[in-house]
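Peer 1: Build me a model from this:
(one chain, ligands or ions: 1)
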Amino acid sequence: MTPRGADSETGPLQTVIVHRPGPELGRLTPRNNDQLLFDAIPWVARAQEEHDAFTEALRARDVEVLYLVDLLTETLHGDEARCQIVEETTADLRLGVGLRAYLRDALADHDPEQLAGVLTAGVRNDELTGMSSIVTSLLDHEDFLVDPLPNLLFTRDSSVWLPGHVAVTSLAMPARARETQLTGLIYAHHPRFADAPRLHGPQLEHLEGGDVLLLGPGVIAVGVGERTTPAGCERFADQVLRRGLAHTVLAVPIAQDRATMHLDTILTMLDVDTVVVYPNAAEGLQAYAITRSDDDLHVASPRSFFDAAADALGIEALHRIDTGLDPVTAEREQWDDGNNTLAIAPRVAIAYERNEQTNTRLVDHSIDVITIPGSELGSGRGGPRCMSCPVQRVSGS
Ligand SMILES: NC(=[NH2+])NCCC[C@H](N)C(=O)O
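Peer 2: Just a heads-up that it's a prediction; the model follows:
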């Protein structure tokens, strides 16, 4: 049965897709970590333990946890899906004709588990056996022929579930572009999702899931900054408004910095009318309300995000709980994803334990905070919200 999707950030979470970090994290070196969007070289075994604590916390609250690699492997049992992903993976122009033909044949012979391993962990030039060419000779031995995907950990970004629909996103950074080949494949071919109507798409204007916040039924905020472009926001707004999946989309400009790469690094929802927010960014936060008028998009003048959100949601006020106690603590804890909480029900949220000041404030505001370790996971600059793609939430909260 097709999942019913989600229409809020806080409706009780029923099903979520995550990715337990694996060999792809072991590909990170001090020479490639910047390009692969990690700020340090994580200790893989400890990152896995931390991730297991995250999924335990979810299961303890009766959330169904689906692993992306399991879904991918199941998908790869189908011949059509396998052919499609082999074509897409080997289309990279770096390979050239001879190597492409060789890899295509080699990958087509892999069983689904092996192929899923290659698609996530990649292939280094010096791992290739049985073939050498001018391309393999001239490339460095540690160059990747198929790039590893360490950021698969952040399943939030490569797809977004809306009411009854799933949007496959279009990731802005080259290091992440292949992730949506995998999510697109799963949603197109896995029997569990095969009839879910799909929106957006990897070849379209950039849109990342970390920028998409389902503020409440009918109201979606979209951060526009380093990752989601103005055109990506426009396309997405047009799609969701036209299909009646929302009545208002709030376009929210955010600074194009690594610290604020997505809207969910600045704020996340804890309840139907409450957010945790980075105060240093909250003050000037603006929103352009986009609605549908006849067959066109109507864009209102920018105003305070909090006022625009409260109006669109039809509530008196969107309450704020600020990160940290002072500007420096707030800046440190925002950097460590103190704002990036995952609500699993209204006023129940998973957060990294290291953000002590912010978590204390949340508890003071009667939020049930479930803490998890994140010393290694956090080196990729993502928190509990980034590491989860809610597939189904109870509607209407
Ligand atoms: N939704 C999020 N905030 N995701 C965080 C993604 C972090 C990842 N290393 C990147 O740079 O893309």
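Peer 1: who's in contact with the residue of the stretch 151-300 of the chain found nearest the ligand?
Peer 2: Closest residue of the stretch 151-300 of the chain to the ligand, C-beta to the nearest ligand atom: residue 210 (2.4 Å). Backbone N, C-alpha and C define where each C-beta goes, glycine included. By C-beta atoms under 8 Å, 6 or more residues apart in numbering, the contact set of residue 210 is 154, 156-157, 223, 227, 261-265, 382, 385-386.
Peer 1: 7 Å instead?
Peer 2: Applying C-beta atoms under 7 Å, 6 or more residues apart in numbering to residue 210 gives the contacts 156-157, 227, 262-264, 386.
Peer 1: Then residue 376?
Peer 2: 42-43, 46-47, 50.
Peer 1: Could you check how far it is from residue 24?
Peer 2: Distance, residue 376 to residue 24, using C-beta to C-beta, to the nearest Å: 14 Å.
Peer 1: And for residue 199?
Peer 2: 27 Å.
Peer 1: and if you look at residue 245?
Peer 2: 33 Å.
Peer 1: Which stretches in the stretch 1-150 of the chain count as helices?
Peer 2: Shown for the stretch 1-150 of the chain, the helices assigned by DSSP state H, counting those that start in this stretch span residues 44-60, 68-75, 79-89, 96-109, 112-121, 134-138.
Peer 1: How about the stretch 201-350 of the chain?
Peer 2: 230-242, 279-282, 305-313, 327-335.
Peer 1: Just the CA atoms of the shortest one, as PDB, please.
Peer 2: This points to helix 279-282. Extracted in PDB, the C-alpha atoms of helix 279-282 (Å, rounded to 0.1, in the frame of the first residue of the first chain):
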ATOM      1  CA  PRO A 279      18.400  33.600  17.500                       C
ATOM      2  CA  ASN A 280      21.200  35.100  15.600                       C
ATOM      3  CA  ALA A 281      19.400  34.300  12.400                       C
ATOM      4  CA  ALA A 282      15.800  34.500  13.600                       C
END
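Peer 1: Contacts for it, please.
Peer 2: 260, 266, 320, 322-323, 327, 330-331.
Peer 1: would you turn those residues into CSV with pLDDT?
Peer 2: Listed next are the contacts of helix 279-282 as CSV, based on pLDDT from 0 to 100:
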residue, pLDDT
260, 84
266, 94
320, 96
322, 93
323, 91
327, 90
330, 88
331, 90
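Peer 1: now the residues you listed in a markdown table, with distance to residue 67?
Peer 2: What follows is these, written out as a markdown table (distance: C-beta to C-beta, whole Å):
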| residue | distance to residue 67 |
| --- | --- |
| 260 | 29 |
| 266 | 29 |
| 320 | 35 |
| 322 | 35 |
| 323 | 30 |
| 327 | 39 |
| 330 | 34 |
| 331 | 34 |
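Peer 1: Just the endpoints, please. Distance across stretch 151-169?
Peer 2: Length of stretch 151-169, first residue to last, C-alpha to C-alpha, to the nearest Å: 14 Å.
Peer 1: Now that stretch: average pLDDT?
Peer 2: The average pLDDT for stretch 151-169 rounds to 97.
Peer 1: And for stretch 334-345?
Peer 2: Mean predicted lDDT for stretch 334-345 stands at 93.
Peer 1: distance between the ends of it?
Peer 2: Using C-alpha to C-alpha, the two ends of stretch 334-345 sit 22 Å apart.
Peer 1: ok, residues contacting it?
Peer 2: Counting by C-beta under 7 Å, 6+ apart, 9-10, 12-13, 58, 61, 63, 259, 264-270, 276-278, 323-324, 349-352, 354-355, 358, 378, 382-386, 388 sit against stretch 334-345.
Peer 1: Now intersect those residues with the strands, please.
Peer 2: 13, 267-270, 276-277, 349-352 (DSSP state E).
Peer 1: Of the residues you listed, which pair is most distant in space?
Peer 2: The most widely separated members of those, counting by C-beta to C-beta, are 13 and 277 (21.1 Å).
Peer 1: pull the longest strand from the chain.
Peer 2: Assigned via DSSP E, the chain shows its longest strand as strand 286-293.
Peer 1: What pairs with that strand, parallel or antiparallel?
Peer 2: strand 248-253 (antiparallel), strand 296-299 (antiparallel), strand 303-304 (antiparallel) (DSSP bridges).
Peer 1: Next, the angle from the longest one to helix 305-313.
Peer 2: To tie it back to what came earlier, the one meant is strand 248-253. Counting by axes from the mean of the first three to the mean of the last three C-alpha atoms, to 10 degrees, strand 248-253 lies at 170 degrees to helix 305-313.
Peer 1: Format the CA atom coordinates belonging to strand 248-253 as CSV.
Peer 2: Written as CSV, here are the backbone C-alpha positions of strand 248-253 (Å, rounded to 0.1, in the frame of the first residue of the first chain):
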residue,chain,number,x,y,z
THR,A,248,0.7,28.5,1.0
VAL,A,249,4.4,28.1,0.4
LEU,A,250,6.7,30.4,2.4
ALA,A,251,9.9,31.1,0.5
VAL,A,252,12.5,31.9,3.3
PRO,A,253,15.8,33.4,2.2
